[in-house]
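S.K.: Build me a structure from this.
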Amino acid sequence: MNIPLIELTPAEVRRAGWDALRKKLGPASALKFILDYDRGKGNYTELRKKIFKGKTVKDIIEDMKKEGYV
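M.R.: Sure thing, here's the model as predicted:
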């Protein structure tokens, strides 16, 4: 289904996306994907600017190491 996106309503886009996921992954895995997907809230870029203000990449990596992420 190669319909230009401009011609689809938001509901049609969601339906086409679900159909594509279901065909590629199967119904169970498609549902797992949807349940795992989280759009989040707020402004990601502004939050990161605030969190990492004044820190270098080296500082951030050191923090990650201290927390056990690296």
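
S.K.: so who does V70 touch?
M.R.: 61, 64 (Cβ atoms under 8 Å, 6 or more residues apart in numbering). Placement of C-beta: from N, CA and C, glycine included.

S.K.: What about M64, how many residues nearby?
M.R.: The local packing of M64 (other Cβ atoms under 10 Å) involves 11 other residues.

S.K.: Okay, buried residues for the helix or strand harbouring it please.
M.R.: Using DSSP states H and E, M64 falls within helix 57-66. By neighbour count with 16 or more other Cβ atoms under 10 Å, helix 57-66 contains no buried residues.

S.K.: And for stretch 23-41?
M.R.: Applying 16+ other Cβ under 10 Å to stretch 23-41 flags A30 as buried.

S.K.: Start and end of it, how far apart?
M.R.: Using Cα to Cα, to the nearest Å, the end-to-end distance of stretch 23-41 comes out at 30 Å.

S.K.: Could you do stretch 38-47 as well?
M.R.: First-to-last distance for stretch 38-47 - Cα to Cα - comes to 17 Å.

S.K.: which residue packs closest to K24, ignoring adjacent ones?
M.R.: A30 (7.7 Å; Cβ to Cβ, 6 or more residues apart in numbering).

S.K.: who's in contact with that neighbour?
M.R.: 18, 21-22, 24.

S.K.: do you know how far it is from T9?
M.R.: In this view, A30 and T9 are 21 Å apart by Cβ to Cβ, to the nearest Å.

S.K.: Just the mean pLDDT for stretch 53-61, thanks.
M.R.: The pLDDT scores in stretch 53-61 average 95.

S.K.: Stretch 23-30 too?
M.R.: Mean predicted confidence for stretch 23-30 is 95.
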